[in-house]
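Participant: Any chance you can model this:
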Amino acid sequence: MIIWRGESEVPEIQCASSVLAEIAELAMSGYRRYPWGGVEIGGLLFGKNKSGIVYICASRVAECEHHYGPAFDLSTNDCGAFEQLLTNSPTDQKLAGLTPVGWYQSSSRRDSGLSENARAVFQRFFPEPWQVAMVLKRSKNDPLTVEFFVRDLKGGIELQAPGQEFTLDFLRQRRQPADSRE
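Facilitator: Here you go, the predicted model:
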């Protein structure tokens, strides 16, 4: 289990190592797809929100036609498919007892923070104050970095990178054989 703790009132996030490893592999496969760095990927995070802790237990990939280029910027068609993925999640037996707790995307941008398009996705599809965004920053020379973004106490999305990041190397060292559903 990977644990991220924000400042004071910001929720704690606990993510199953197996889920994070799976998303990381998808992010890097998208990166390796083309010699110039590939396409960004994204999807939904499922879990529970209990006692001020957001548990991430599962994920689902969201398709992106990359209408605007290699970034995970959702087109009108992509937004419809994203919404359908959310709507259909209660019928997925593997997600029984879990709810959408946020979303993820990979990014090849060097700067930290959520892009304007990513903030729009966060606001539109994940309006609850406890829901989260996960960004996996990929680079040719640096290890994959995982950042979580949450809303501040006034409901605004934290625009700067959070104080704590994880790298793929950290995940390899900390990975447990089986993660339990909390």
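Participant: Export the lengthiest helix in the chain to PDB, keeping only CA atoms.
Facilitator: If you go by DSSP state H, the chain has its longest helix at helix 17-32. The C-alpha atoms that make up helix 17-32 are tabulated as PDB, following Å, rounded to 0.1, in the frame of the first residue of the first chain:
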ATOM      1  CA  SER A  17       0.700  -1.000  -4.900                       C
ATOM      2  CA  SER A  18      -0.600  -3.400  -7.600                       C
ATOM      3  CA  VAL A  19      -3.000  -0.700  -9.000                       C
ATOM      4  CA  LEU A  20      -0.200   1.900  -9.100                       C
ATOM      5  CA  ALA A  21       2.200  -0.600 -10.700                       C
ATOM      6  CA  GLU A  22      -0.400  -1.400 -13.400                       C
ATOM      7  CA  ILE A  23      -1.100   2.200 -14.100                       C
ATOM      8  CA  ALA A  24       2.700   3.000 -14.200                       C
ATOM      9  CA  GLU A  25       3.200   0.200 -16.800                       C
ATOM     10  CA  LEU A  26       0.400   1.600 -18.900                       C
ATOM     11  CA  ALA A  27       1.900   5.100 -18.700                       C
ATOM     12  CA  MET A  28       5.300   3.800 -19.800                       C
ATOM     13  CA  SER A  29       3.900   1.600 -22.600                       C
ATOM     14  CA  GLY A  30       2.200   4.800 -24.000                       C
ATOM     15  CA  TYR A  31       5.500   6.600 -23.700                       C
ATOM     16  CA  ARG A  32       7.400   3.900 -25.600                       C
END
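Participant: roughly how far is it from the heart of the chain?
Facilitator: 11 Å (Cα atoms, centre = their mean, to the nearest Å).
Participant: try stretch 85-101
Facilitator: 16 Å.
Participant: swap in stretch 107-123?
Facilitator: Stretch 107-123 sits 11 Å away from the centroid of its parent chain (Cα atoms, centre = their mean).
Participant: Looking only at that stretch, what residues are buried by neighbour count?
Facilitator: 107-108, 112-115, 118-119, 121-122 (16 or more other Cβ atoms under 10 Å). Where C-beta positions appear, they are placed from N, C-alpha and C, glycine not excepted.
Participant: In the chain, which residue is most central in space?
Facilitator: The structure's the chain has its C-alpha centroid closest to Y104; by Cα atoms, centre = their mean the separation is 2.1 Å.
Participant: isn't that one right up against I23?
Facilitator: Yes: under the criterion of Cβ atoms under 8 Å, Y104 makes contact with I23 at 5.7 Å.
Participant: elements contacting the longest helix of the chain?
Facilitator: Other helices and strands packing on helix 17-32, by 3 or more Cβ pairs under 8 Å, 6 or more residues apart in numbering; DSSP states H and E, are strand 42-50, strand 53-62, strand 99-107, strand 132-137, helix 168-174.
Participant: I am finished for the moment; much appreciated.
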